[in-house]
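In: build me a model:
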Amino acid sequence: MAIFRQIIDLLFLVYTVMLIARVIGSWFPDWSGHALFRFIAHYTDPYLNLFRKIIPPIGIIDISPLFAFIALSVARWFIVGILLR
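Out: Predicted coordinates for the structure are as follows:
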């Protein structure tokens, strides 16, 4: 069971890093054409769009990724902390 927990933790970590890269990458429009950035956007935008529908940008500031990180953290806590004990 410990290996399963480590795999789940690793998956959440990888997705969190991808979200961070997506947020930082959005600050640099020139990066949008890069293959790695397109790959990251392909897998993170559907998740971020869920929060963008609920929390629209305030002017030029998009705070929806903050709630996306919180939801991901809660999901990780629930899955790893509760289901895998």
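In: lowest-scoring secondary structure element of this protein by mean pLDDT?
Out: Every helix and strand in the chain was compared by mean pLDDT, DSSP states H and E; the lowest is helix 2-25, with a mean of 92.
In: so which bits of that helix are buried?
Out: Residues of helix 2-25 classed as buried under the neighbour-count rule (16 or more other C-beta atoms under 10 Å) are 12, 15, 18-19, 21-23, 25. The way it works is simple: take the backbone N, C-alpha and C, and place the C-beta from them, glycine included.
In: go on, stretch 54-63?
Out: Along stretch 54-63, the positions that meet the burial threshold by neighbour count (16+ other C-beta under 10 Å) are Asp62.
In: pLDDT on it, on average?
Out: Mean pLDDT, stretch 54-63: 88.
In: one step back: ok, of the buried residues of helix 2-25, which one's closest to Ser73?
Out: Using C-beta to C-beta, the shortest approach to Ser73 within the buried residues of helix 2-25 belongs to Phe12, at 8.4 Å.
In: so that closest one makes contact with Leu72?
Out: Yes: contact criterion C-beta atoms under 8 Å: Phe12 and Leu72 qualify, at 6.8 Å.
In: got a list of what the most centrally placed residue in the chain touches?
Out: Centroid-nearest residue in the chain: Leu19, 3.6 Å away (criterion: C-alpha atoms, centre = their mean). Counting by C-beta atoms under 8 Å, 6 or more residues apart in numbering, Leu19 makes contact with 44, 47-48, 65, 68-69, 72.
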